[in-house]
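A.B. asks: Have a look at this prediction, sequence included:
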Amino acid sequence: FLEGKRALVTGSTSGIGLAIARALHAEGAQIVLNGFGDEAEIARLCEELGATHSGADLTDVAAIEQMMADAGGIDILVNNAGMQHVAPVDEFPVDKWNTIIALNLSAAFHTCRLAVPHMKKAGWGRIINTASAHSTTASPYKAAYVAAKHGIAGLTKTVALELAEQNITANCISPGYVWTPLVESQIPDTMKSRGMTREQVINDVLLERQPTKKFAQPEDVGALAVFLCRDVAQNMTGANYEIDGGWTAQ
Ligand code: NAD
């Protein structure tokens with residue numbers, strides 16, 4: 001049902017973003033991929049999805065502007081690229097703070113401001129931001145990530161209100177823990193900051209607050225993104241949809 005719609009999914013060479021891109025492609029959307037990775041693998045993904053790819057570094061405003069100019073009119077904007085760094089606040093590297101705020105929060109502001117004019121003209125649009133259970137709750141040692149994710153939840157609500165009468169919705173999807181490279185990569189740092197084994201980090205830290213005791217799958221997020229693009233979702237806006245195994249119900 002998405003034939004003729006163009007979707008840009010940031011951070012879609014891996015993990016959740018790739019699953020969202022695949023799910024939107026399966027419904028007929030024309031996909032623009034973004035993210036880093038092995039050139040041959042990205043070429044393979046472009047072929048699989050009939051997609052184009054932008055390697056823009058989303059911490060760089062000029063690169064975002066170039067990506068948006070190259071992409072043309074975007075009907076479905078998925079702000080998904082994100083990274084994590086785990087450290088106590090008094091040891092948190094300043095450059096990591098700046099990068100995480102730029103990537104996990106400011107990049108979404110820039111893509112929104114550049115995508116919305118086309119959506120207004122088209123009289124239809126969908127903005128879907130991958131937030132996190134950390135958009136409404138906190139965990140120690142994740143100052144920049146939690147701040148950025150709370151920020152994107154606020155940005156989403158604001159944009160939703162501004163565009164409410166123009167058939168453009170803006171929502172967050174907030175996963176708890178999804179088994180992706182981002183989660184896997186924070187295990188060593190958490191082992192170090194907490195003096196734990198890998199198994200302890202998985203069971204006692206990562207899944208500690210996820211009552212189902214199961215990681216969500218990237219495809220679960222892709223399915224919700226597709227639903228938010230449907231006409232039946234036209235009155236769902238400014239909301240924050242959790243896929244967190246009950247985490248934020250506690
Ligand atoms: P991932 O590490 O698998 O993928 C991240 C993607 O972002 C990759 O495509 C990477 O190339 C891209 N990227 C990284 N830095 C970039 C930059 N500077 N410019 C452009 N692209 C860049 O991560 P993931 O787990 O799939 O996470 C995707 C989103 O989901 C993030 O916003 C993350 O915070 C959020 N999230 C993930 C989980 C989880 O458990 N995995 C939970 C909640 C929220």
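C.D. replies: Done, it's in.
A.B. asks: Tell me which helix or strand comes right after the helix or strand in which residue 170 is found.
C.D. replies: Assigned by DSSP states H and E, residue 170 belongs to strand 168-175. Using DSSP H and E, the helix or strand that follows strand 168-175 towards the C-terminus is helix 181-194.
A.B. asks: Tell me which residues touch the residue lying closest to residue 68 once chain neighbours are set aside, please.
C.D. replies: Closest residue to residue 68 apart from its sequence neighbours, by C-beta to C-beta, 6 or more residues apart in numbering: residue 114 at 4.0 Å. Placement of C-beta: from N, CA and C, glycine included. Going by C-beta atoms under 8 Å, 6 or more residues apart in numbering, residue 114 touches 64, 65, 68.
A.B. asks: go again using 10 Å as the cut-off
C.D. replies: Shown in contact with residue 114 (C-beta atoms under 10 Å, 6 or more residues apart in numbering): 64, 65, 67, 68, 69, 71, 74, 77.
A.B. asks: Could you do residue 142 as well?
C.D. replies: Contacts for residue 142 (C-beta under 10 Å, 6+ apart) come out as 84-87, 89, 92, 100, 132, 134, 148-149, 186, 190.
A.B. asks: So for those, which is the shakiest by pLDDT?
C.D. replies: Least confident entry in the contacts of residue 142, by pLDDT: residue 186, with 80.
A.B. asks: Now for that one, how many residues are close by?
C.D. replies: Neighbour count of residue 186, defined by other C-beta atoms under 10 Å: 21.
A.B. asks: Pull the contacting residues for it.
C.D. replies: 83, 84, 85, 86, 141, 142, 145, 193, 201, 205, 206 are the contacts of residue 186 under C-beta under 10 Å, 6+ apart.
A.B. asks: quick one: the residue nearest the centre of the chain from the ligand, how far?
C.D. replies: Central residue of the chain (C-alpha atoms, centre = their mean): residue 80, 2.0 Å from the mean position. Computed as C-beta to the nearest ligand atom, to the nearest Å, the residue 80 to the ligand distance reads 5 Å.
A.B. asks: Near the ligand, which residues of the chain? Just list them.
C.D. replies: 11-17, 34-37, 57-59, 80-83, 103-104, 130, 132, 175, 177-178, 180-183 (C-beta under 6 Å from any ligand atom).
A.B. asks: Now with 5 Å, please.
C.D. replies: Selection of the chain residues close to the ligand by C-beta under 5 Å from any ligand atom yields 11, 13-16, 35-36, 57-59, 80-82, 103, 130, 132, 175, 177-178, 180-183.
A.B. asks: ok, now which ones touch the closest residue to residue 6 other than its chain neighbours?
C.D. replies: Ranked by C-beta to C-beta, 6+ apart and with sequence neighbours excluded, the top spatial neighbour of residue 6 is residue 30, at 4.7 Å. Contacts here follow C-beta under 10 Å, 6+ apart; on that basis residue 30 touches 2-8, 24, 49-52, 72, 74-76.
A.B. asks: Right, I'll leave it there.
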